[in-house]
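> no FASTA, just this:
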């Protein structure tokens, strides 16, 4: 069994999630396609890096991400940094011939994403963007039903990603509120996950028509670089400007004739990680809510009139990846499992010399959609989403 | 206690619902503001009218709605016909000095609605449009919370009205699929209810940006005039063209700065009468689903971090109109109760010489919104909703 | 169409519900099996009776229930009084040859119920006990699935009836807390509904093993005879003893080998009218919750492994009595509809000279079960439920 | 930071879960109380053991569990075998001075459990029984609310554990259906989890009154030792007898005066890992369903009449262990997280020289309850649950 050395750049929330995935993947998927070796982790300082290595089980640590990218022992570069560093790291890693997985959104703009896409394409390395939610078994099951034709031709899609962790005006000005680092706000941070799911399940976007709003124009300056999500509250000190969107709403015309909408906000009290979709087809419907992620709801038109209704299916061994996960449905899929499956599929692609989706092309395409949404929100017009060359 | 004679035009689904309301209103609201007397019912033929009178408890019947409108004994004209007859009947009734309640949508177009609005205004009669759903106790409770400031300033609204009774291409071509009779499809038939709720809870519409789709271009011709909803299936005979929308989706800019969306379809398998809204405010959120209409969900930002979440409130005696309805929550509000409350509020306005909402001005405003939606769907542009001069 | 004159004894909550049913039944079920005429209503005083007549649409009123029972113009006696009057009225009505519908529980004790049962049997009149909940369309649908064998042989039943209207120690000492009037507490008031449902769906009780508890031993004395449910609160005045159960829990062995349990409480904060059951069979399961009464959940073992799960069916035209109710599912079944269907079935039996269920034999059987539960709670032993000789 | 060498006996479903916990615990809880070292894993054969070591990241492997127990380098023995081996391994490990965590139920009988309890007590080692579900953050939050008095004095508890993985008569005769290995069926396998939760949240059991049923008397013999859960189906070959219970139902009298019930079945179609409880107190209620394990529902009596209802709280950083888990609620707690928290608490106890709960005393007590349930099911009598010496 092949061992592949991973260099992980970033030891925050995402660094933790990816480290968990590397440790756990072979426990779930056995025989594993390859064994991830937690070789080196990079953080902002030597001290942070050393501590991250102990915590996340890496053999070495560094404060210089370039040394990771250029280390000939490293096979895989994992980019788990804030968004503004994705492009530089990824391009360097591609040039060094490394396989790359990058956190989402792929980049701050489509222009950046294009460069990354071109770099990995030129290098011929396996590349992946970490839209992990499409790997939730219930979403993979939705995909299977759609591909089987079980709900017919898709008519419409309605997706949301609603959170409330920044609804309080006293929640700090993390990098996620700064355009120079994040690129955009709710759009890039969370709406992109739903856009990825829409592309996965429905198909390619034709055009969009959008609104974007910033509800809270300034927030308490944050001390320390950590990403303060959740219940963190800033102090009484100075505040800085938010220059990204708190909420985005877009209508969609898909290329295949379906219509849809996506809405994302980080100001929806009572919603936590409310990634939902509802899909209506000519032969049935699908409904999903990540807050109850073990469940997929499906309604088949072909069921008898007296017994038709949404079936609540709990994913388990009978469903995608079910044999690898837990032996009974509802033992419980958590965030970790989406990352474990992601790691499996990424390492399978490396081991087998195949492609994995969503890759940088997908990340680039999503960035093109993001740019079109921004443009539409500014102009009030429908904006066509360009293709990739 | 004042007795008010009602002339009801139309003995179908809506005639049944209104008759129930007149019989039951005093049983619930006692002392009643006035006693509705089921005086005369009109239907298409003398035979149908006579049968409707027996069934719905009316003293007299006729096939000539004009005789009802002109009967000096009649105090109230109730219009429960297909949409194309609303204007002519309402204008005649207004000219005859009758108080008027009309089923929704008020008219096929804003132009028609304007004439109706002007007629009742000129006549000085009490007028109401039967957007009954806003009288669901849980929605009235949402209104109360909003007016108290319990969820702060409203940021966004998302409403749906999803049904599946016509998702099957073999469901018959009822009048609801014919523009000459209905004016529009899902827009006028169901989206208007959500638009009414949005105006009631959030405020006036500024502009809209919409899509409309007809998914099923033709349906089996229907024999007989009845309104075939539900599980009816047409035969193998000839089909006629559908010239209204099956689905409508609109983004909204409210005058007060809130943003929103409304989506309606009659092709969403598994959804039955899925009138929902989610409202995010600066201090909390509200969520409602008519399919579980005894419940309102509310999240208050001010609740402690360890105990914040949507409260599922079952409406009952502690809530709007609760004293009049049933003595324990979840005994169960049905469709009838929304009509009983509607009748109560209409007769109160007549008895007290006051106004009732939603009135023909509201119906007219909603028709203006509908027209703007149609225009936007054709042009792809944001369209301003005009005010009522 | 036959007209049948109704004499209604009692103008409280139940009087209201039954009056609604009589007025509305022909509107829903047409042609009606017979037309109920609201002939006479009896209340405690002439003034109360006269007001009830105006409110509920009765032609006459009286403070003497015996005059109703003995009025030769009356065809039907409807007993909507507190429990302690059921037996005397019913026996007199039977002796006068009236058809009888009585509110539940049929009587305070099995001994009383036996006398009532014998009286109606001797008189040969149509008799019914108003366990209305089994007429909820979703429960009727459960019955249909069971009879079709769709869930196979029943293994187990778990039912609850949870409320919270008396969880507050300051809620007044209504007659429902007094054994001399009510017979028992949560057992007779609410558990009997679930017992009726269990008998309807699963079959006859063999033996029971029970616990009963009184959590709040005294409550504020109530002034006025009204039945204070809901959010009523007693004052600071004197309190009286509660001598009935607040909560009851029983295990069940059914005659057909199934096992089960029933639990009822009026002290379960957050539960309102939480009548639920879950039934497991060898080929599937059924789940119901009256608080969401438009819905029945059913899981079929025969569905494929990848698409098995509870189907949430919204009852409508495709389901029992659906053609008579509302034309689309989830327009909404309320408490009233259960009473309207009940009235229909009762008047059908009278018109057709047939039997209707649940009748006094069922009410008597339920009283025997109640007595066995009380005995078991006292002795800690399993108690056999006797049959009706 | 202390390193503690773990010897894990058993490489099946539980071996996987525990291995995951050891790898992931420091990633979540940092600084970790101690670092678990995956030292040696034991399985039935050398080959199985070697493969398990590679898969689960252990340094060594063996087919001789005694060599693990007696290895002086091992600090912790983790027993993840079928039930019949728990006692022998645990007693040997205790005698060797190892800290011990054992899967549940602790033993097949109270007699076995007593010996284990006495062995660890005599040895003075840290001991834990892996009733992991009580570590679900939502259940820990329920505990917090109860301890704060937020729901007042507890009146009643109703718990279930419903599954359907063996509802099909063709699911194989795994060891879980054999009394000689498992001790009991649904009782020991799943009901014990709910009993543990009941003891954790409500208090000590006083007496029980139970029913037990075996619905499927024989099942296909299984080839291979694996634990076939989920959708596995046996072949057409010979069948063997099931000598344990498929379903158990018990009423409970708690020592503190509360009453309750527990029901468990593996034959409830549509239920997967349906661990639920509902607790009514004098000041509020709690409701939990593990299938939606991120959520706890709580109703506070002190909320205003117009805004009282179950709050659906999604556990996250503001709740027990939230700081260590994921930074936003509903990112998702899976089965793994319950085991990670369990490992943390176990290693904390070792590092700090403290006790951890549930320990072998708890496991023994639960076994005493199990024995009382079995006895009650045989005799039909209430059975007192004895205390520990």
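Sure, I can see it. Note that the structure is predicted; figures quoted are calculated from it, not measured. Numbers count the residues shown, from 1 in each chain, chains lettered A, B, ... in the order given.

> rest of the way, CA atoms for contacts and neighbours
OK.

> does the longest helix belonging to chain A come close to chain B?
Looking across chain A with DSSP state H, the single longest helix is helix A:360-379. No: for helix A:360-379, no contact with chain B is found by Cα under 8 Å from any Cα of the partner chain; the gap never falls below 10.1 Å.

> Look at residue A:233 and give its secondary structure.
Taking DSSP: H, G, I helix; E, B strand; the rest coil as the rule, one finds residue A:233 in the coil state.

> Tell me the confidence at it?
Predicted confidence (pLDDT) for residue A:233: 74.

> List the contacts of the spatially most central residue of chain A.
What sits nearest the mean C-alpha location of chain A, by Cα atoms, centre = their mean, is residue A:131, with 2.5 Å. The contact partners of residue A:131, by Cα atoms under 8 Å, 6 or more residues apart in numbering or on different chains, come to A:103-104, A:193, A:196, A:358.

> related to what we said a few turns ago, can you name every helix or strand that the longest helix of chain A contacts?
Contacts defined by 3 or more Cα pairs under 8 Å, 6 or more residues apart in numbering or on different chains; DSSP states H and E place helix A:360-379 against helix A:110-123, strand A:127-129, helix A:192-201, strand A:205-213, strand A:383-384.

> picking up where we left off before, just the buried ones out of the contacts of residue A:131, please.
Buried members of those, counted by 16 or more other Cα atoms under 10 Å in any protein chain shown: A:103-104, A:193, A:196, A:358.

> Pick out whichever of those residues sits closest to residue D:184.
Ranked by distance to residue D:184 (Cα to Cα), the buried ones among the contacts of residue A:131 are led by residue A:193 at 46.3 Å.

> I'd say residue A:383 and residue A:377 touch.
No: using Cα atoms under 8 Å, residue A:383 is not in contact with residue A:377, being 9.5 Å away.

> residues shared between the contacts of these two?
Shared contacts of residue A:383 and residue A:377 (Cα under 8 Å, 6+ apart): residue A:209.

> phi, psi of the residue nearest to the centre of chain A?
Torsion angles at residue A:131 (phi, psi; degrees, to the nearest 10) stand at phi -80, psi 80.

> Chain neighbours aside, what residue packs nearest to the residue sitting furthest away from the middle of chain A?
The C-alpha centroid of chain A is most remote from residue A:306, which lies 39.9 Å away (Cα atoms, centre = their mean). Spatial nearest neighbour of residue A:306, excluding adjacent residues (Cα to Cα, 6 or more residues apart in numbering or on different chains): residue C:318 at 5.3 Å.

> my read is that neighbour is in a strand, agree?
No: counting by three-state DSSP, residue C:318 is not found in a strand; it is coil.

> pLDDT value on it, please?
We have a pLDDT of 95 for residue C:318.

> residues near it, how many?
Residue C:318: 21 surrounding residues under other Cα atoms under 10 Å in any protein chain shown.

> Just to check, it is in contact with residue A:305?
Yes: the pair residue C:318 and residue A:305 qualifies as a contact (Cα under 8 Å) at a distance of 6.0 Å.

> can you pull out the helices in the stretch 251-389 of chain A?
A:335-352, A:360-379 (DSSP state H, counting those that start in this stretch).

> host element of the closest residue to residue A:120 other than its chain neighbours?
Closest residue in space to residue A:120, ignoring its immediate chain neighbours: residue A:94 at 5.3 Å, by Cα to Cα, 6+ apart. With secondary structure defined by DSSP states H and E, residue A:94 is part of helix A:86-95.

> Return the list of helices and strands in contact with the following helix or strand past that helix.
Sequence-wise, the next helix or strand downstream of helix A:86-95 (DSSP H and E) is strand A:99-102. Under the contact definition 3+ Cα pairs under 8 Å, 6+ apart, strand A:99-102 sits against strand A:76-79, helix A:86-95, strand A:127-129.

> Could you pull up the mean pLDDT of strand A:99-102?
Per-residue scores along strand A:99-102 average to 98.

> Neighbouring strands of that strand in the sheet, and parallel or not?
Take DSSP bridges as the rule and strand A:99-102 pairs in its sheet with strand A:76-79 (parallel), strand A:127-129 (parallel).

> quick one: buried residues of stretch A:316-324?
Counting neighbours by 16+ other Cα under 10 Å, stretch A:316-324 gives A:316-322, A:324 as buried.

> about what we covered before: turn the strands paired with strand A:99-102 into TSV, columns for mean neighbour count and distance to residue A:349.
Output for the strands paired with strand A:99-102, formatted as TSV (neighbours: other Cα atoms under 10 Å in any protein chain shown; distance: least, Cα to Cα, whole Å):
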stretch	mean neighbour count	distance to residue A:349
strand A:76-79	28	12
strand A:127-129	28	9
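
> I'd like the ones you listed laid out as CSV, including mean pLDDT.
Shown next, in CSV, are those (pLDDT from 0 to 100):
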stretch, mean pLDDT
strand A:76-79, 98
strand A:127-129, 98
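
> May I see those organised as TSV, with distance to residue B:233 added?
As requested, those are exported to TSV (distance: least, Cα to Cα, whole Å):
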stretch	distance to residue B:233
strand A:76-79	56
strand A:127-129	48
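
> Residue A:183 and residue A:109 touch, don't they?
Yes: with contacts counted by Cα under 8 Å, residue A:183 reaches residue A:109, the gap being 6.5 Å.

> Any regions of the stretch 201-350 of chain A where pLDDT drops low?
A:224-231 (pLDDT under 70).

> Close to chain B: what parts of it are there?
Checking the stretch 201-350 of chain A against chain B by Cα under 8 Å from any Cα, the hits are A:215, A:231, A:251, A:267-270, A:280-285, A:299-301, A:305, A:308-310.

> try 6 Å this time
By Cα under 6 Å from any Cα of the partner chain, the residues of the stretch 201-350 of chain A that approach chain B are A:268-270, A:280, A:284-285, A:299, A:309-310.

> Max pairwise distance over these: which two?
Going by Cα to Cα, the pair spanning these furthest: A:269 and A:284, at 31.4 Å.

> Give me the neighbour count for the residue of chain A found nearest chain C.
Nearest to chain C in chain A, going by Cα to the nearest Cα, is residue A:311, at a distance of 4.0 Å. Residue A:311 has 25 neighbours, counted by other Cα under 10 Å.

> Verify the stated contact: it with residue C:308.
No: applying Cα atoms under 6 Å as the test, residue A:311 and residue C:308 come out as separate, 7.2 Å apart.

> No further queries at this time; thank you.
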